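**Q** sequence and predicted structure, then a few things I'm wondering about:
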Amino acid sequence: MQKRNCFTSLLCAALFLFILVQCNALAESAALWPRLVCCVGLGLAGLEILVEGIQWARHPGEQQGLWALTPEQTKRSAILLGLLLLWIAGLTTIGFLVSSVAALCAIALVFEPVKNKQNMVRDIVVCVIFGVAFYFLFKFLGIHFPRTLLM
């Protein structure tokens with residue numbers, strides 16, 4: 001278990017370091033909180049690496065594999081990651097609202113436990129209702145969506 005935690009902490013530290021480097025492109029006032037969060041995250045990740053490394057050295061025979069997910073969980077995670085990447089690509093091309101509703105519908109349809117026509121139609125209708133509700137809520141609050149292809 002310590003080996004897995006140690007490598008996970010290394011990945012978290014790398015992510016915090018990447019974000020910290022990206023903060024240099026921001027204005028000084030805008031970069032204050034992201035830098036603070038990254039510094040705290042780097043410190044905690046470093047502490048976790050140290051603690052788990054010591055435990056790993058003390059108990060080398062009690063280690064598990066590095067990958068904690070089953071093949072089914074890995075498949076579901078890959079599907080979610082793919083949908084997330086498609087949603088991000090859709091933000092600039094078809095707009096926030098349309099890409100968000102499409103991503104929500106895709107997630108609901110892919111992970112629907114009972115795949116019959118009634119449940120799939122229900123999922124799509126609920127996603128569209130949420131999209132319309134958010135559109136009117138944002139309009140009421142004065143939040144404008146960025147201009148893209150469909151907005």
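**A** Yes, it's here.
**Q** show me the contacts for G46.
**A** 9, 13 (C-beta atoms under 8 Å, 6 or more residues apart in numbering). (Each C-beta comes from the backbone N, C-alpha and C, glycine too.)
**Q** for it, give its distance to A108.
**A** 40 Å (C-beta to C-beta, to the nearest Å).
**Q** count of neighbours near L69?
**A** Neighbour count for L69, taken as other C-beta atoms under 10 Å: 10.
**Q** report the secondary structure state of it.
**A** coil (DSSP: H, G, I helix; E, B strand; the rest coil).
**Q** apart from its neighbours in sequence, what residue is nearest it?
**A** The shortest distance from L69 to any non-neighbouring residue, by C-beta to C-beta, 6 or more residues apart in numbering, is to S77 (6.6 Å).
**Q** end to end, how far does stretch 23-31 reach?
**A** End-to-end distance for stretch 23-31, by C-alpha to C-alpha, to the nearest Å: 6 Å.
**Q** whoops, I mixed them up, stretch 55-72
**A** Rule used - C-alpha to C-alpha; the end-to-end distance of stretch 55-72 is 30 Å.
**Q** in stretch 40-53, which residues are buried?
**A** For stretch 40-53, the neighbour count (16 or more other C-beta atoms under 10 Å) marks 41-42, 45, 48-49, 52 as buried.
**Q** least confident of the residues you listed?
**A** Comparing pLDDT over the buried residues of stretch 40-53, E52 scores lowest. The value there is 83.
**Q** tell me which element it falls in.
**A** helix 32-58 (DSSP states H and E).
**Q** ok so, going back, my guess is the residue nearest to L69 contacts L83, does it?
**A** No: at 10.8 Å, S77 does not count as touching L83 under the criterion of C-beta atoms under 8 Å.
**Q** the more surrounded of these two?
**A** Using other C-beta under 10 Å, the more surrounded residue of S77 and L83 is L83, with 17 against 11.
**Q** shouldn't that one be in contact with A108?
**A** No: L83 is beyond contact range of A108, at 10.8 Å (criterion: C-beta under 8 Å).
**Q** give me the pLDDT for E62.
**A** 64.
**Q** before we move on, the earlier item: reformat the buried residues of stretch 40-53 as TSV; add distance to V114.
**A** Shown next, in TSV, are the buried residues of stretch 40-53 (distance: C-beta to C-beta, whole Å):
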residue	distance to V114
G41	40
L42	45
A45	41
E48	41
I49	44
E52	41
